[in-house]
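In: Sequence plus predicted model, see below.
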Amino acid sequence: MNAVNDAKVTPRKKLSPLLRFAFDLGPLVIFFIGYSFADFFVATAAFMVSLFASMAASFILTRHLPVMSIVSGIIVAVFGGLTLFLHDETFFRMKPTIIYALFGVLLVGGLLMGKPLLATILGEAVDLTEEGWKILSLRWALFFFALAGLNEIVRHGFPDYWVQFKVFGATALTVGFAMLQTPLMMKYERKKDETD
């Protein structure tokens, strides 16, 4: 009984923010380098290898993988594989749209079920009130839907600039949006003396 309780309270190992950022950004940088010096298909293969390597390294260091990382890995494997097998860029270019839309749907679904999924994902790093989690989840859901739409606009309207948008534009928008949520998180941060 005590062993079970001890296992429950043992905190998960967490990556430092800098290392997490490197794991997230590294595959994109490798993709851009591959695209710049070779072609789209070499870049796609390099992205897939580096993404799965970063996921493996993250698992080795923390002994767990976030749900979103697993979902992204599956989608990358499917659409990256189709891109390489059929030699068609369309599948890999569609991948961000599907991932962003799926994340948006999952966040909205969690809200409709009364279980903000963002609290599960970020709960170890941030402690917000229930209302704060709901507002933050809704904001991120809307942002992901907007990003999915933007990816489609660039994919269809400006295909020559899609790689630059994916590597630099989407990344900058995501980081900027995350920073803009700081006042909200500070406002709804649960105080240490508050109890559930």
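Out: That came through, no problem.
In: give me phi/psi at the residue lying closest to Glu130 once chain neighbours are set aside?
Out: Spatial nearest neighbour of Glu130, excluding adjacent residues (CB to CB, 6 or more residues apart in numbering): Pro116 at 7.7 Å. Any C-beta I mention is one placed from the backbone N, CA and C, and that applies to glycine too. With angles defined as degrees, to the nearest 10, Pro116 sits at phi -60, psi 110.
In: gap between Pro116 and Val108?
Out: 10 Å (CB to CB, to the nearest Å).
In: shaky segments in the chain?
Out: 1-12, 123-125, 192-196 (pLDDT under 70).
In: Between Pro116 and Val108, which has more neighbouring residues?
Out: Pro116 (24 against 18; other CB atoms under 10 Å).
In: At which residues are the helices of the protein located?
Out: 2-9, 17-37, 40-62, 67-86, 90-112, 117-122, 130-157, 162-164, 170-180, 182-187 (DSSP state H).
In: The fourth one - contacts with which helices or strands?
Out: Okay, so that is helix 67-86. Counting contacts by 3 or more CB pairs under 8 Å, 6 or more residues apart in numbering; DSSP states H and E, helix 67-86 packs against helix 40-62, helix 90-112, helix 117-122.
In: Would you mind listing the buried residues in the shortest one?
Out: Of the residues in helix 117-122, those with enough neighbours to count as buried (16 or more other CB atoms under 10 Å) are 117-119, 121-122.
In: between these, which is nearest Leu142?
Out: Leu118 (12.6 Å; CB to CB).
In: The spatially closest residue to Arg93 that is not a sequence neighbour: how many residues sit nearby?
Out: Closest residue in space to Arg93, ignoring its immediate chain neighbours: Arg155 at 5.0 Å, by CB to CB, 6+ apart. Residues lying near Arg155 (other CB under 10 Å) number 19.
In: List the contacts of the residue nearest the centre of the chain.
Out: By CA atoms, centre = their mean, the chain has its centre lying nearest to Met68, at 6.0 Å. Neighbouring residues of Met68 by CB atoms under 8 Å, 6 or more residues apart in numbering: 103, 121.
In: And it, how far from Leu106?
Out: 8 Å.
In: likewise Asp24?
Out: With CB to CB as the criterion, Asp24 and Leu106 are 18 Å apart.
In: ok, now which ones touch the residue nearest to Glu130?
Out: Per CB under 8 Å, 6+ apart, neighbours of Pro116: 107, 110, 130, 133-134, 136-137.
In: before we move on, the earlier item: among the helices and strands packed on helix 67-86, which is nearest Phe145?
Out: Closest of those to Phe145 is helix 90-112, at 4.4 Å (criterion: CB to CB).
In: Dump the closest one to PDB, restricted to CA.
Out: The C-alpha coordinates for helix 90-112 follow below in PDB (Å, rounded to 0.1, in the frame of the first residue of the first chain):
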ATOM      1  CA  THR A  90       1.200  17.500 -50.600                       C
ATOM      2  CA  PHE A  91       0.900  15.000 -47.700                       C
ATOM      3  CA  PHE A  92       3.700  16.500 -45.700                       C
ATOM      4  CA  ARG A  93       2.400  20.000 -46.400                       C
ATOM      5  CA  MET A  94      -1.000  19.000 -45.100                       C
ATOM      6  CA  LYS A  95       0.400  17.500 -41.900                       C
ATOM      7  CA  PRO A  96       0.500  20.800 -39.900                       C
ATOM      8  CA  THR A  97      -3.200  21.600 -40.800                       C
ATOM      9  CA  ILE A  98      -4.300  18.200 -39.500                       C
ATOM     10  CA  ILE A  99      -2.200  18.400 -36.300                       C
ATOM     11  CA  TYR A 100      -3.300  22.000 -35.500                       C
ATOM     12  CA  ALA A 101      -7.000  21.100 -36.200                       C
ATOM     13  CA  LEU A 102      -6.800  17.900 -34.200                       C
ATOM     14  CA  PHE A 103      -5.300  19.800 -31.200                       C
ATOM     15  CA  GLY A 104      -8.000  22.400 -31.500                       C
ATOM     16  CA  VAL A 105     -10.700  19.700 -31.600                       C
ATOM     17  CA  LEU A 106      -9.200  17.900 -28.600                       C
ATOM     18  CA  LEU A 107      -9.100  21.100 -26.500                       C
ATOM     19  CA  VAL A 108     -12.700  22.000 -27.400                       C
ATOM     20  CA  GLY A 109     -13.800  18.400 -26.700                       C
ATOM     21  CA  GLY A 110     -12.200  18.500 -23.300                       C
ATOM     22  CA  LEU A 111     -14.000  21.800 -22.500                       C
ATOM     23  CA  LEU A 112     -17.300  20.300 -23.600                       C
END
